[in-house]
Each structure stands twice: as structure tokens, then as C-alpha cells.
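**Q** here is the input, now give the coordinates:
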Amino acid sequence: MADVQKQFEEFHEKIRMDYEMASELREKREVVLKRIRKYLNDNNLPAFREIGQGSYTMKTGTKPIEDLEYDIDVGLRFDFHEDDYTANEVRGWIYEAVKEHTDRVETKKPCIRVVYEAGYHIDITSYAVWEENEKDQYRLARKDTGWTPADPPTLLDYVNNFREANFKDTEDNATKTDQFRRNIRAIRRWNDVRMPYDSKPKPVGLAFVLLAVQRPLTRVTFLDGRPDDRHSLATFTRSVANTIGRVIAKKPTPEYDDLFVRLSDDDMDEFKDAMGTLADALEFAGRTADPVKACERLQKVFGGDFPVPEAKDTAAKTQAPAIITSSSSA
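**A** I've put the predicted structure just below:
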């Protein structure tokens, strides 16, 4: 079998996008938060505390391709009961604070979106939070359903606890990122290459994160201890492709919704077929002894950012089979 771990790690380094990496994104985000704080203060309205959420907090974000926009999720925690203000009132505060910040400010169902011409947007979600029965109660301000049960900190802990328990000692040298996050980014890029534009049949990024926890994605290493991302992805994608019926990934927090529910049955069949094609490519790369052929096949599913080595640099180098070392690999 070809050893293509180096190429997977180079691929990850090319496609990853963390909030900490982009000074422009940090700057824009802080400007937006400053505008909101000033508006609330000037109008004697409640202050907020920031909540970490979304792909940049989970560190599973990827650079956008085509006309896709990179999104930044910002959560605002207001410490009051849902009965104190309506969801529309709170959403109105945020809209008024940012409505003239850029040429496009949109009111989405779960958030207020500030769009930048440079190819990214900031999604601002607002929560009412109060303590009840010795536990913080979260309500998300939605446009369509008003105050809606949510729990972003528990969702983040759910993902991080799984990742930390199952993917220790799988960090790469270049980015110090573990196998879980690398593989989530690879799947998200595959999803973008397959469907370059946002649409209802296209699964959202969080769907893949939850699917990786619940399927689950397993930690796989070579016999020498190095991580084998290809094998880990091959096992996971084949399992998803072979699902009987619909693929399901439910939030572990209110409203406990299935993030694949937006796909029709026909969309779901197409998704599983596409996942099967991805699994085929990953399995082919595991069978062939030629790293060039392996990477050429992988580039077809992951896009042009997946590197193909020069033949003279590989000499059809092979590697001993990988082993699954995660306790959750059964």
C-alpha cells in the first residue's frame, strides 16, 4: 500500500481555516462586537457576554472555494429570563447596531448576518440565559419560533470530550492538529468540491462533526505509531455509504434535531452514492503501491489542493498496514 500520510497532512495545512489564523477576521469580528456593545450601552439596554461556538471554536473550519463565503459564528449571551424581552426585541437591537456596518446585513432565522465583499460573513446569534434547577437555561432568539431551547456550551463539550478521549497522540508536525479535526476538514472540503454552492441538499458542516462522533470516526495509526488519516477516513466513509435508510446525525442538545433532515430522500440517496465514491478513492489509495496514482485518485474527490507527488520523489514507496487503535473502533 502507498504511504500518503504526508500528502494528507499537506492537504490539511492548505485547507484549514482557524479564526486565530486570520488577523482580518479577528479585526472585523471585534469591530462588530464593539458596535453592538456601544449601541446597547447608548440605549441603556442589557449587556452581553460572548459565547464561543461554530467551526472556528471547534477548529474544524476550511478555507472557502468558488463563491462560498467563510462564516464566523458569534454567540451573544444575555443574562436575563426569556420573559423579560421578546426574541424579536433582542434581534432588533443587534440589527440596529450593525445595519449600516456593511452594504449587506441580513436577518436569517437563527441569526443576524453581516456580509463582507471580501468573501466572508459574521453570523450573530443571541441567547437569553438564566439559572434554573442549578443549571443554565439557554434560549436562542429565532426569527420564526421566538425563544427556542438551545445549549451551545454542552454541544461544544460533547464534541471536544469525544475528540480528546479518542484521538490523543495523532497530531501532525506542521499544524499540531489531531486526526479528528484533520479528517473533519478533509470531509468538509470534499463536500464543498462536490457541491460548491450552498443549497438545501448540501449538508452543513456541523452535520459531519456530529456524524463523526456518532458513527463514529475512529483513530487509526500505522504500526510505527504515526496517524493514518486515509485509513480512518476510508473506514468512516464506507460505513456512511453503506447505511441502510437515511443517514442521521442528531444534536445532543435542544432541539435534538437531525442535521440531515433537510435532505430529501432523493438527496440522501445521492449523498450516500457520493460518499461511496469517496470511499472507493480512499480504498484504492490503500491498495495501490504507487503514491502518485493514489494521490491522483484522491485529488479527483478532494480537489486541486490535494497534492500529487513527483514520481521521482516516491519510488512507489510503501508502508506497513495501519492498525485501528481507538477503543471505539468496533
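**Q** how long is stretch 294-308 end to end?
**A** Distance across stretch 294-308, first residue to last, is 8 Å (CA to CA, to the nearest Å).
**Q** buried residues, it. List them.
**A** For stretch 294-308, the neighbour count (16 or more other CB atoms under 10 Å) marks 294-299, 301-303, 305-308 as buried. (Each C-beta comes from the backbone N, C-alpha and C, glycine too.)
**Q** over to stretch 84-103?
**A** Of the residues in stretch 84-103, those buried (16+ other CB under 10 Å) are Tyr85, Ala87, Val90, Arg91, Trp93, Ile94, Tyr95, Ala97, Val98, His101, Thr102.
**Q** what of stretch 38-57?
**A** Here stretch 38-57 shows Tyr39, Leu40, Leu45, Phe48, Ile51, Gln53, Gly54, Ser55, Tyr56, Thr57 as buried, counting by 16+ other CB under 10 Å.
**Q** residue ranges of the strands in the stretch 51-200 of the chain, please?
**A** Along the stretch 51-200 of the chain, the segments classed as strands by DSSP state E, counting those that start in this stretch run 70-78, 104-107, 112-116, 120-132, 135-142, 146-150.
**Q** and the stretch 201-330 of the chain, by the same measure?
**A** 220-222, 322-324.
**Q** ok, of these, where does mean pLDDT dip lowest?
**A** Per-stretch mean pLDDT for those is lowest at strand 322-324 (a mean of 69).
**Q** now do the same contact list for Gly113.
**A** Just to correct that, residue 113 is Arg rather than Gly. Arg104, Val105, Glu106, Thr107, His121, Ile122, Asp123, Ile124 (CB atoms under 8 Å, 6 or more residues apart in numbering).
**Q** rerun that using 6 Å as the cut-off
**A** If you count contacts by CB atoms under 6 Å, 6 or more residues apart in numbering, Arg113 has them with Glu106, His121, Asp123.
**Q** what's across from it in the sheet?
**A** Glu106, Asp123 (DSSP bridges).
**Q** so Val292 sits right up against Pro307, yeah?
**A** No - counting by CB atoms under 6 Å, Val292 does not reach Pro307; the two are 10.7 Å apart.
**Q** pLDDT below threshold where in the stretch 1-150 of the chain?
**A** Low-confidence segments of the stretch 1-150 of the chain (pLDDT under 70): 19-22.
**Q** how about a cut-off of 90?
**A** Within the stretch 1-150 of the chain, the segments meeting pLDDT under 90 span 1-2, 17-29, 52-57, 61, 63-72, 117-120.
**Q** quick one, helices of it?
**A** 5-15, 23-42, 55-58, 87-98 (DSSP state H, counting those that start in this stretch).
**Q** of all those, which lies closest to Gln214?
**A** Closest to Gln214 of these is helix 55-58 (CB to CB; 15.2 Å).
**Q** appreciated, that's everything.
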